[in-house]
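A.B. asks: return atomic coordinates for the entry below.
(chains A and B)
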Amino acid sequence: MLLGSQTPRAFGDDLNLALGNPSQAKADPAQKNDFLMVKPYFTLSYNDAKGTPNWVSWRLTPATIGRAKRYPFYPDQELPARFARCLPRDYTNDGFDRGHMCPHEDRSANEEMSKATFVMSNIIPQAKVVNEQAWKNLEDYCRALVKKHGKTLYIVSGPAGMKGQSADGAWHDTIGTNRKVTVPSSCWKVILVVDPGPGDDLARVNAKTRLIAVIIPNDLSVGSDWRRYRRSVSDVEKLTGDHFFDKVPHSIIDRLKEKADDGPTTT
Amino acid sequence: MPNPVLSDLRKATEGLLYSSESDAPLEVLDWTKETGPMDGARILRLGRLPPRTHVEIQSVEEFFQELTKAEDWHGDSEKETVRKYRRLAEVIRDGLRSPKVFRAGKVNVDIFIVGSCIDGGWAGVKTKAVET
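C.D. replies: Numbers count the residues shown, from 1 in each chain, chains lettered A, B, ... in the order given. From the prediction side, this is the model:
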């Protein structure tokens, strides 16, 4: 399948949110703090009060991983008129990295999708060690599952809470010059791993399907090992109030959500 | 006699930041006393980086391409940054011969923009990027 032969909308609409809308977000400008944005390469719920997404949801397959170059960050000009856009300079010298939720490399098969990941509504203030170590290592692991083991991944990721630790050790509730951006106290990710095949991926989710979830504190205590932060999907739901993968029948998904992943993590 | 390109580079990089997932200042590289060819291995030695660090070479045009572009969303602060990058690109183009960009490392990337000086030796700027 070549990405260029499909219209972006068809790819995004159907598949990046195929397993459910975690907060039942709607594309209603009156819902400023849970505003659904269906974009060509990922789907997110935007929180205008925080200046960050609540969650970003995307489907990962080998077709979207390549070598496209990076772009400078830019504000989201698709936000409704009364929203306060976050600018790249809201992060400048505030001691936090501009942390991607949907990673650039997960959308690196061509320049258009690569550039799409640098929109500020896909970004949260992330502690340096988190962004550059444990979080990155989990992102690499996901891509390895896809590239080396041929899996299809449904991933949802986002921030939680308020107060994180900047590079100099100080704690901050918010950063920002042009507007205040909430610094989360943790970053979370939930992953459903499915084997590709004909028809809907949903039909292939069963009692043996692997779910992986992490909650990583947004501070300098975090090292390189994401496995230490594995939790159950249910733990993440309690943290965020979201419901993940709710298109999967309860009889299958409820039990899977209760257990923290303990599967092999070398690829 | 001091090399004028060093002074031009200093003025052009003052207050300028290189933005990636983080932000870093640009520092002037005075390697005017270094003779002989410049390559990745030499950059690592001069930059005091581990000898096995991965090095990629990029063209100066590619490095400056996005940095010198005006975007419709730019405010005064961003416009000033674009002006400064255009000036820096000019100083490098006019003051150094065959400048190249050496990118050393992954995730935490040390970036060296280096070219040779008319009276011998090398000069340029260095900065850092975070790329996860």
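A.B. asks: from the contact counts, what lies against the lengthiest helix in chain B?
C.D. replies: Identified as the longest helix of chain B according to DSSP state H is helix B:76-95. Helices and strands touching helix B:76-95, by 3 or more CB pairs under 8 Å, 6 or more residues apart in numbering or on different chains; DSSP states H and E, are helix B:4-13, helix B:60-65, strand B:107-116, strand B:122-131. Every C-beta, even on glycine, is put in place using the N, C-alpha and C of the backbone.
A.B. asks: mean neighbour count, these: which tops it?
C.D. replies: Highest mean neighbour count among the helices and strands packed on helix B:76-95 (mean count of other CB atoms under 10 Å in any protein chain shown): strand B:122-131, with a mean of 22.
A.B. asks: and that strand, which strands flank it?
C.D. replies: Take DSSP bridges as the rule and strand B:122-131 pairs in its sheet with strand B:27-31 (antiparallel), strand B:107-116 (antiparallel).
A.B. asks: and those: which comes nearest A:V194?
C.D. replies: strand B:107-116 (29.2 Å; CB to CB).
A.B. asks: list the contacts of the closest one.
C.D. replies: Here strand B:107-116 makes contact (CB atoms under 8 Å, 6 or more residues apart in numbering or on different chains) with A:132, A:136, B:18, B:20, B:29, B:31, B:38, B:43, B:47, B:49, B:60, B:63, B:92, B:95-104, B:122-132.
A.B. asks: ok, now stretch A:18-37?
C.D. replies: A:38, A:43-50, A:54-55, A:57, A:59, A:76, A:78-83, A:121, A:154, A:156, A:192, A:200-202, A:205, A:240-248.
A.B. asks: which among the residues you listed are in contact with chain B?
C.D. replies: For chain B, no contacts are drawn from the contacts of stretch A:18-37 by CB under 8 Å from any CB of the partner chain.
A.B. asks: those residues, buried ones only, as a PyMOL selection?
C.D. replies: Here is the PyMOL selection string for the buried members of the contacts of stretch A:18-37, based on 16 or more other CB atoms under 10 Å in any protein chain shown:
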select buried, chain A and resi 43+44+45+46+47+48+50+54+55+57+59+76+79+83+121+154+156+192+201+205+240+242+244+245+248
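A.B. asks: in strands, which of the contacts of stretch A:18-37 fall?
C.D. replies: A:38, A:43-47, A:54-55, A:57, A:59, A:154, A:156, A:192 (DSSP state E).
A.B. asks: from the residues you listed, which is closest to chain B?
C.D. replies: Nearest to chain B among these: A:Y46, at 16.9 Å, using CB to the nearest CB.
A.B. asks: which one is the closest one nearest to, not counting chain neighbours?
C.D. replies: For A:Y46, ignoring the flanking residues on the chain, the nearest one in space by CB to CB, 6 or more residues apart in numbering or on different chains is A:F35 at 4.5 Å.
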